[in-house]
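Enquirer: Okay, sequence plus prediction incoming.
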Amino acid sequence: MNKNFFLQEPLSAVEAPDGAQVAALRAALRTAQEETAFHAKEARKLAAALEQASGELLFQTRQAARRAEELAFANRQLLHEFSRTDAQADELVKANRGLAAALDELARQNHEKEKRASELHIANIELDYQNSEKDKRAEELAAANTELAYQNGEKEKRALELLQANAGLESFAYISSHDLQEPIRKMLLWLDQLSEVKDRLFNDAEKARFERIVRSGRRMRQLIEDLYTYSRISTVGQEMSFHDLETLLAEVTATFSETIAAKGAVVEVAGLCSVFGARSQMRLLLLHLVDNALKFARPGAAPLVRISASVVPASADAELSQDAAYTRLVIEDNGIGFEGPGSDRVFEVFQRLHGQDDYPGTGIGLALVQKIAQAHKGLARARSEAGVGSVFTVYLPLPPATGSYSGRNISSNIA
């Protein structure tokens, strides 16, 4: 209903409403009637709902009364049951206490389970992390294996190239030595033929020069032979095995038997063990070491050569590989020796610390010793004192499976 309609002032008795006012009044009347009808309808709905709610409330009240009666009856029965005997009450109290204890235990177990669940959750997180790290490591390892395979392939290529280069060098060394040996051989042959008539052809000064020429030719021949031997030192294609040092030294000292007898030398061999390597090269190594000890003897003193060998760990020398045991061969003499700074130089090719006239040789012997040791993944050392003597130490590795092998101990004198 339009409220403004009721607030309008009443029409004057003398004023007659016009048509517009009448229409407005009629419209307002219709609106008021419609609102009245709507409110009446709503009132009827509310009355019906109220009547229904009253019925439900009455029903619920009756139901509550019934439940109250049933509850009262149940309470009376319960009181009756509780009052039957004190024993039953005590049993119920005990049962309740047991139940409380069980509940406490259950609560404790639940707490422990929660702790275990929390720990398991943390462990699962850690496991996930570790699995992730393992996956990363697996990827890194796969990449490393790929790189390693590539590097191994490159190494194999380089090894093949090195073998081919070594074969070429050996061929070149053989051809070169043969080509160099041939004119020297002819020269020495002519010199030998000339020596048969030198007494008739030369005076004393010319004879001396002739002898120097012969010595120089022979030295050149020996030098070429030593160089050829030096160029061929390698373990590639060599049969590697254990060898008895006593047997090898017996062969070597037999080679120098005349020199030993002439100089009154004594070779003492003690505490020997086996050595692992190529037999021919082991013999050559011993040959040059013994030759060096006998050659550089002090004037007026009989040479004394002491030879010993033992198995030592890699820690015996800082430059040795740390994954093997070694045979340590020691050759000690009482010769002329040399000054300390020369200890590294003695293993160089053509290196001589003493004059050719006093101590003939090519200067390759100890270089061969070092190269043989290095070819076997070992090394050679030297220490000396002028006028006292020298000590040469050679380290030769043993196979990993037999690194603890020490062989037989032998104590003897060879003269």
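Expert: Perfect, I can see it now.

Enquirer: going forward, measure contacts and count neighbours with C-alpha atoms only.
Expert: OK.

Enquirer: ok, K113 to G98 distance?
Expert: Distance, K113 to G98, using CA to CA, to the nearest Å: 22 Å.

Enquirer: Can you give me the buried ones in stretch 268-288?
Expert: 268-279, 281-288 (16 or more other CA atoms under 10 Å).

Enquirer: ok, now stretch 290-310?
Expert: 290-298, 302-310.

Enquirer: any idea whether R298 is helix, strand or coil?
Expert: coil (DSSP: H, G, I helix; E, B strand; the rest coil).

Enquirer: Quick check: it touching I336?
Expert: Yes - using CA atoms under 8 Å, R298 is in contact with I336, at 5.0 Å.

Enquirer: Next, show the common contact partners of these two.
Expert: Contact criterion CA atoms under 8 Å, 6 or more residues apart in numbering; residues shared by R298 and I336: G387.

Enquirer: Show me which helix runs longest in this structure.
Expert: Longest helix of the chain, by residue count under DSSP state H: helix 86-195.

Enquirer: Chain neighbours aside, what residue packs nearest to Y395?
Expert: R328 (4.7 Å; CA to CA, 6 or more residues apart in numbering).

Enquirer: isn't there a strand covering that neighbour?
Expert: Yes - per three-state DSSP, R328 lies within a strand segment.

Enquirer: quick check: domain ranges of this protein?
Expert: Listed by automatic domain parsing, the domain ranges of the chain are 17-80, 241-414.

Enquirer: just how off-centre is the longest helix of the chain within its chain?
Expert: 7 Å (CA atoms, centre = their mean, to the nearest Å).

Enquirer: Show me what that helix is packed against.
Expert: When contacts are defined as 3 or more CA pairs under 8 Å, 6 or more residues apart in numbering; DSSP states H and E, helix 86-195 packs onto helix 204-231.

Enquirer: How about residues contacting the helix or strand following the helix it packs on?
Expert: On the C-terminal side of helix 204-231, the closest following helix or strand by DSSP states H and E is strand 240-244. Residues outside strand 240-244 that contact it (CA under 8 Å, 6+ apart): C273, S274, V275, F276, G277, A278, R279.

Enquirer: quick one: pLDDT of the closest residue to F256 other than its chain neighbours?
Expert: In space, and not counting its chain neighbours, F256 is closest to D291: 7.8 Å by CA to CA, 6+ apart. D291 carries a pLDDT value of 89.

Enquirer: So D291: helix, strand or coil?
Expert: helix.

Enquirer: Okay, it and Q52: tell me how far apart.
Expert: The value you get for D291 to Q52, if CA to CA is used, is 134 Å.

Enquirer: what do you get for S280?
Expert: Distance from S280 to Q52, by CA to CA: 125 Å.

Enquirer: next one: A40
Expert: Taking CA to CA, one finds A40 at 18 Å from Q52.

Enquirer: on that earlier part again, taking the buried residues of stretch 268-288 one by one, which sit in strands?
Expert: Members of the buried residues of stretch 268-288 lying in strands (criterion: DSSP state E): E268, V269, A270, S274, V275, F276, G277, A278.

Enquirer: For E119, state which of the residues you listed is nearest.
Expert: The closest of those to E119 turns out to be F276 (CA to CA; 58.4 Å).

Enquirer: quick one: that closest one and L398 touch, right?
Expert: Yes - look at F276 against L398 with CA under 8 Å: they come within range, at 6.0 Å.

Enquirer: which neighbours do the two share?
Expert: Counting by CA under 8 Å, 6+ apart, nothing touches both F276 and L398.

Enquirer: Tell me how many other residues surround the nearest residue to F347 once chain neighbours are set aside.
Expert: Leaving out its chain neighbours, the residue that sits closest to F347 by CA to CA, 6+ apart is A367, at 4.4 Å. By the criterion of other CA atoms under 10 Å, A367 has 21 neighbours.

Enquirer: Which pLDDT does the model give A367?
Expert: 85.

Enquirer: What of S257?
Expert: 90.

Enquirer: So what touches stretch 300-310?
Expert: Applying CA under 8 Å, 6+ apart, the contact partners of stretch 300-310 are 263-273, 290, 293-294, 297, 327-335, 406.

Enquirer: Stretch 126-135 now?
Expert: With CA under 8 Å, 6+ apart, stretch 126-135 has no contacts at all.

Enquirer: For it, output the C-alpha coordinates as CSV.
Expert: Extracted C-alpha coordinates of stretch 126-135, given in CSV (Å, rounded to 0.1, in the frame of the first residue of the first chain):
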residue,chain,number,x,y,z
GLU,A,126,65.7,-39.4,4.0
LEU,A,127,65.3,-42.5,1.8
ASP,A,128,63.8,-40.4,-0.9
TYR,A,129,66.7,-38.0,-0.7
GLN,A,130,69.2,-40.9,-0.7
ASN,A,131,67.5,-42.4,-3.7
SER,A,132,67.6,-39.1,-5.4
GLU,A,133,71.3,-38.8,-4.6
LYS,A,134,71.8,-42.4,-5.8
ASP,A,135,70.1,-41.5,-9.1
